[in-house]
Every structure is written in C-alpha cells, then in structure tokens.
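>>> Let me see the structure of the following:
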Amino acid sequence: MPGPSEQEIRTRAYELWRDAGEPQGKMDQLWYQAEKELLARKAANGETPCDKNGHREPTTYPERLRGVH
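Modelled structure (predicted):
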C-alpha cells in the first residue's frame with residue numbers, strides 16, 4: 001500500500017497550520033508532522049508504506065510550496 005499522497009499531506013498540513021494560528025515559517029515542520037500522522041494512521045489500520053517514492057523516509061517538502069502560506 002502506498003504512503004499518503006502529496007494532496008493528503010498538503011490537506012493535513014494546511015489543517016495543522018490553521019489550527020496553530022497560521023504561523024509564519026512553519027510549513028516545512030507542519031508538512032512533516034502531517035506526513036508522520038498520516039503514515040501512523042495507515043499503520044494503525046494495518047497498511048504498510050511501500051519503498052516507492054521514498055515512503056520509508058520522509059518526503060521532501062515540495063519546492064513549489066516553499067514560502068507559500
């Protein structure tokens with residue numbers, strides 16, 4: 001089973017950002033937090049991430065989203 005999609009991570013990171021009061025300069029941190037939460041949720045449901053696209057390691061925060069709030 002593949003890890004979370006970029007869109008799933010983006011949506012969760014946005015929710016975390018909004019919940020945190022829309023802090024400046026925290027999107028990288030929130031992106032990784034969102035990915036970690038989604039991977040944990042999949043693992044709790046018995047799904048395991050695949051090796052494809054680096055899902056055994058954290059993904060890189062998309063360059064095109066850097067500086068976007």
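>>> ranges for the helices of the protein?
Here the chain has its helices, by DSSP state H, at 6-19, 27-44.
>>> can I get those helices in a markdown table with mean neighbour count and mean pLDDT?
(Each C-beta comes from the backbone N, C-alpha and C, glycine too.) A markdown table is the format used below for these (neighbours: other Cβ atoms under 10 Å; pLDDT from 0 to 100):
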| stretch | mean neighbour count | mean pLDDT |
| --- | --- | --- |
| helix 6-19 | 16 | 96 |
| helix 27-44 | 17 | 92 |
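>>> Quick one: residues contacting residue 26.
Contact analysis of residue 26 by Cβ atoms under 8 Å, 6 or more residues apart in numbering lists 17, 20.
>>> What score does it have for pLDDT?
On pLDDT, residue 26 comes in at 92.
>>> repeat for residue 45
pLDDT, residue 45: 82.
>>> What is the burial count for it?
Residue 45: 8 surrounding residues under other Cβ atoms under 10 Å.
>>> Over to residue 3?
Residue 3: 21 neighbours (other Cβ under 10 Å).
>>> doesn't residue 39 make contact with it?
Yes: with contact defined as Cβ atoms under 8 Å, residue 3 and residue 39 form a contacting pair (6.0 Å).
>>> and the gap between residue 13 and residue 42?
Per Cβ to Cβ, to the nearest Å, residue 13 is found 16 Å from residue 42.
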